[in-house]
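*Asks:* I would like the atomic coordinates for the input below:
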Amino acid sequence: MTPSRIIVDARVLRGPPGGVAACVQALVEHLPGLLPDVPIVFLRHPNNKYRLSQAPNITEWLSSGTPQSPRDYFRMGVWLNARLTSEDLFHAPYRILPKGVLAKSVISIHDVMQLVCPELVFPNPVLRAVARPFWSIAVRSTIKRADRLLAVSQYSANDTLRVDPSCAPRLRVTLNGKSASFRPIEKADAERATSFIVPIGKRFFLVIGGGYPNKNHVAAVSAFAKGFPDSENMHLLMIERRRTFPPEIRRIVRRYHLGGRVQVRGSVSTEQLVALYNRAEALVFPSLYEGFGIPVLEAMASGCPVLCSNVTSLPEVAGDAALQFNPNDHDEISTAMRRIVEDNNLRTDLSNRGLRRAALFDWRKTVLETIDVYREIAPWIPAPRVKPV
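*Replies:* Prediction:
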């Protein structure tokens, strides 16, 4: 008889980083060691040519497709049911559970933006009209069917309850963590690693995000233009997974003659990002909606002061370790940016508070809490084998 298994859809680990990828990477790194006697299967996308884990209890199945696509939603259940038993446990870490899955199921809810504020996901009204019906059906069906739902923040949990209050008995909060890679480093090392991005001696604010409308990068550029119209040594660096430069930003750059002081780059390596956090005046994070906000945590862990929105999950993540603002008030954002440049005591205080705050979040703890939820519906899973850190 085949022993029961845990199956984790890890196909997202093939491209640019992001919140979902960070969560899946934590499962890949910590599950094998915490459950060494449990057979675990990782679904790996063929575009990822390297094994995800060398642990002896890990098997990897190649599977193409995209977890959030309509095609995957309808086909993946049949593919899984041909391979799984009703006692296996399937973890889908991207808010959509394939239709018809018969195994025990756990779903991660990073956010439900497609339902509660679709205009921030699909700004084009035609695309929104086409895409919203699928997302409404798929997410609502997932919330109804999943044996357990893991929300990455209390805010995401509350939004999920807004969509379907009946899921409350199956809903748990497992806060995201941070990678140990994000830490303070020597200034000279940080400059050496990133001088080709921002020349040594230049001061800059850092903006991180996927380039989607909810990230509100227009507000960051507008606030920078208002706060530093003539400061030739002050720059703004945007790191975007989907590199965008929308017309609104182009207009601001032209109007204030910022062409040489606003830079938009695609994804950088983790080492380069750590160095940029260590060099930046502050992380400016004017998001209109976040299910969690991992860049806020990464910046704090690196000793970088954080200026962020006071809406959705961000107050929950940042606590008292950030200077918060109304993301719709560009003057308020600009004032926060000026304050951090002009007040060294404030800068030092936020850096120290951030380090203490970030220390409360840990991916290993997240995975341990996830295993506790697994065991609620799959009692055959043993208690994790926890070794001193």
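*Asks:* buried residues, the lowest-mean-pLDDT helix or strand in the chain. List them.
*Replies:* Scoring the helices and strands of the chain by mean pLDDT, DSSP states H and E places helix 247-255 at the bottom, with a mean of 78. Neighbour counts over helix 247-255 (16 or more other CB atoms under 10 Å) mark 249, 252-253 as buried. Glycine gets a C-beta too; all of them are placed from N, C-alpha and C.
*Asks:* point out the other helices and strands that the helix or strand following that helix packs with.
*Replies:* Proceeding N to C from helix 247-255, the next assigned helix or strand is strand 262-265, under DSSP states H and E. Strand 262-265 sits against strand 234-240, with contacts defined as 3 or more CB pairs under 8 Å, 6 or more residues apart in numbering; DSSP states H and E.
*Asks:* pLDDT on stretch 88-101, on average?
*Replies:* Stretch 88-101 carries an average pLDDT of 94.
*Asks:* relative to the whole chain's centre, how far out is it?
*Replies:* Put simply, stretch 88-101 sits 19 Å off its chain's centre (CA atoms, centre = their mean, to the nearest Å).
*Asks:* can you check stretch 100-116 too?
*Replies:* 16 Å.
*Asks:* same check on stretch 300-309?
*Replies:* With CA atoms, centre = their mean, you get 15 Å for stretch 300-309.
*Asks:* check contacts around residue 128.
*Replies:* Residue 128 makes contacts with 118-119, 121-122, as judged by CB atoms under 8 Å, 6 or more residues apart in numbering.
*Asks:* how's this structure carved up into domains?
*Replies:* Here the domain parsing of the chain from automatic domain parsing is 6-177+362-377, 187-358.
*Asks:* is it correct that residue 225 is in contact with residue 252?
*Replies:* Yes: at 5.4 Å, residue 225 and residue 252 qualify as touching, with contact defined as CB atoms under 8 Å.
*Asks:* can you list residues touching both of the two?
*Replies:* residue 258.
*Asks:* before we move on, back to that, what's the angle between the least confident helix or strand of the chain and strand 234-240?
*Replies:* Inter-element angle recorded for helix 247-255 and strand 234-240: 160 degrees (by axes from the mean of the first three to the mean of the last three CA atoms, to 10 degrees).
*Asks:* helix or strand for the closest residue to residue 280 other than its chain neighbours, which one?
*Replies:* Spatial nearest neighbour of residue 280, excluding adjacent residues (CB to CB, 6 or more residues apart in numbering): residue 206 at 3.9 Å. Element membership for residue 206, per DSSP H and E: strand 203-209.
*Asks:* for the helix or strand following that strand, name the packing helices and strands.
*Replies:* Scanning forward in sequence from strand 203-209 by DSSP H and E, the next helix or strand is helix 217-227. For helix 217-227, the packing partners by 3+ CB pairs under 8 Å, 6+ apart come out as strand 203-209, strand 234-240, helix 247-255, strand 283-285, helix 330-342.
*Asks:* out of the ones you listed, deepest packed?
*Replies:* strand 283-285 (a mean of 27; mean count of other CB atoms under 10 Å).
*Asks:* just how off-centre is that strand within its chain?
*Replies:* Centroid displacement of strand 283-285 relative to its chain, using CA atoms, centre = their mean, is 15 Å.
*Asks:* okay, now the unreliable bits of the stretch 201-350 of the chain?
*Replies:* The model of the stretch 201-350 of the chain has pLDDT under 70 over residues 241-246.
*Asks:* not counting its neighbours along the chain, what's nearest residue 233?
*Replies:* In space, residue 233 is closest to residue 203, 5.7 Å off (CB to CB, 6+ apart).
*Asks:* so the one you found sits against residue 234, correct?
*Replies:* Yes: in this structure, residue 203 is within contact of residue 234 by CB under 8 Å, at 5.3 Å.
*Asks:* mind listing the shared neighbours of these two?
*Replies:* Here residue 203 and residue 234 have 281, 341 as joint contacts, going by CB under 8 Å, 6+ apart.
*Asks:* circling back: and the helices and strands packed on helix 217-227 as a markdown table, adding distance to residue 32?
*Replies:* Below are those laid out as a markdown table (distance: least, CB to CB, whole Å):
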| stretch | distance to residue 32 |
| --- | --- |
| strand 203-209 | 30 |
| strand 234-240 | 31 |
| helix 247-255 | 43 |
| strand 283-285 | 33 |
| helix 330-342 | 42 |
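*Asks:* count of neighbours near residue 191?
*Replies:* 16 (other CB atoms under 10 Å).
*Asks:* ok, it - contacts?
*Replies:* Counting by CB under 8 Å, 6+ apart, residue 191 has contacts 200, 275, 279.
*Asks:* dump the residue contacts of the first one.
*Replies:* Going back to what we said before, that points to residue 200. With CB under 8 Å, 6+ apart, residue 200 has these contacts: residue 191.
*Asks:* again with the one 4 residues further on
*Replies:* Residue 204 makes contact with 198, 234-237, 279-281 under the criterion CB under 8 Å, 6+ apart.
*Asks:* distance of it from residue 332?
*Replies:* 21 Å (CB to CB, to the nearest Å).
*Asks:* residue 22 now?
*Replies:* In terms of CB to CB, residue 22 sits 29 Å off from residue 332.
*Asks:* swap in residue 65?
*Replies:* Applying CB to CB to residue 65 and residue 332 gives a distance of 43 Å.
*Asks:* grab the nearest non-local neighbour of residue 74.
*Replies:* residue 99 (5.7 Å).
*Asks:* A helix includes that neighbour, no?
*Replies:* No: counting by DSSP: H, G, I helix; E, B strand; the rest coil, residue 99 falls outside a helix, being coil.
*Asks:* now do the phi/psi pair for it.
*Replies:* phi -60, psi 130 (degrees, to the nearest 10).
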